[in-house]
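Colleague: coordinates only, sequence not included:
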């Protein structure tokens, strides 16, 4: 397709085609292969022509990340459709397992979205270490917070006394608590503020750190020795996480 005929197409179609090519390069060759020059070569146009659609490579990568988050969200939503809407514990487990499955099946996309430097185009991370809500697009963050909110609204969690929360973390935890309450309210979940005290927020931070750490170790094959099947380790971790918050028979 020539540049002239491409300009005659709806802008959204061309933008989508550019992102598809960028994502293909990402999956096949990794983030460093995603350059405007390489994309332009694949599309049969000049690299400067791409600036009519994206301000920079980082701008393009941010849009690719949005597409990835939407696809991840759709996959997790499909998982949740198999769970009773009233089963908040089952929903959280489905999201955790679905996130791991997706990450193992999409290592390059996981790396771009969840394992890029904080100042890159990757999804922003909030004070908890979890993904923030990028406008309208971060479906993973929305689903994760939605299920966390349902769990908090229906179960009293076993959490440490608030004085055990490290003083150095309190300011960040308070800020994230405000963010969480707002997001959960947006999802239409009625959650009393006392259900989300600093101890609960701190526990959520620890939960995410362990979940993310296990998944990242698997994706990057960074266990200290060869592990032929990490799924039992992952399931054991989930069992321990739920036992720690007083939901011993959750898994």
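Modeller: Alright, I've got the coordinates. In this text the structure is predicted, and so the values were computed from the model without any measurement. Residues are numbered from 1 along each chain as shown.

Colleague: C-alpha from now on. contacts and neighbour counts both.
Modeller: Will do.

Colleague: hey, where'd the helices end up in the stretch 51-200 of the chain?
Modeller: In the stretch 51-200 of the chain, the segments counted as helices under DSSP state H, counting those that start in this stretch are 57-80, 88-105, 107-114, 139-154, 170-186, 198-219.

Colleague: can you lay out the ones you listed as TSV showing distance to residue 163?
Modeller: Formatted as TSV, these follow (distance: least, C-alpha to C-alpha, whole Å):
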stretch	distance to residue 163
helix 57-80	36
helix 88-105	27
helix 107-114	31
helix 139-154	21
helix 170-186	10
helix 198-219	8
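
Colleague: quick one, which of those helices gets closest to residue 48.
Modeller: helix 57-80 (11.5 Å; C-alpha to C-alpha).

Colleague: which strands or helices does that closest one pack on?
Modeller: Applying 3 or more C-alpha pairs under 8 Å, 6 or more residues apart in numbering; DSSP states H and E, we find helix 57-80 packed against helix 11-29, helix 88-105, helix 107-114, helix 139-154.

Colleague: recalculate using a threshold of 7 Å.
Modeller: For helix 57-80, the elements it packs on are helix 88-105, helix 139-154, judged by 3 or more C-alpha pairs under 7 Å, 6 or more residues apart in numbering; DSSP states H and E.

Colleague: mean confidence score for it?
Modeller: Helix 57-80 shows a mean pLDDT of 94.

Colleague: report the buried residues of it.
Modeller: 57, 60-73, 75-77, 80 (16 or more other C-alpha atoms under 10 Å).

Colleague: I'd say residue 72 and residue 140 touch.
Modeller: Yes: at 6.4 Å, residue 72 and residue 140 qualify as touching, with contact defined as C-alpha atoms under 7 Å.

Colleague: between the helices of the stretch 51-200 of the chain, which one is nearest to residue 192?
Modeller: Residue 192 lies closest, by C-alpha to C-alpha, to one member of the helices of the stretch 51-200 of the chain: helix 139-154, at 8.0 Å.

Colleague: show me what the closest one is packed up against.
Modeller: Contact partners of helix 139-154 among helices and strands, from 3+ C-alpha pairs under 7 Å, 6+ apart: helix 57-80, helix 88-105, helix 170-186.

Colleague: check the offset of that helix from the chain's centre.
Modeller: Centroid displacement of helix 139-154 relative to its chain, using C-alpha atoms, centre = their mean, to the nearest Å, is 13 Å.

Colleague: which other residues reach that helix?
Modeller: For helix 139-154, contacts defined as C-alpha atoms under 7 Å, 6 or more residues apart in numbering pick out 69-70, 72-73, 88-89, 91-92, 131-133, 184, 187, 189, 191, 195.

Colleague: would you mind measuring the gap between the ends of stretch 43-56?
Modeller: Using C-alpha to C-alpha, to the nearest Å, one end of stretch 43-56 lies 17 Å from the other.

Colleague: now that stretch: buried residues?
Modeller: Neighbour-count burial for stretch 43-56 [16+ other C-alpha under 10 Å]: 43, 45, 50, 54.

Colleague: dump these to TSV, plus pLDDT.
Modeller: Below are the buried residues of stretch 43-56 laid out as TSV (pLDDT from 0 to 100):
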residue	pLDDT
43	92
45	89
50	92
54	94
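
Colleague: among these, which are in helices?
Modeller: Under the assignment DSSP state H, those contribute residue 43 to helices.
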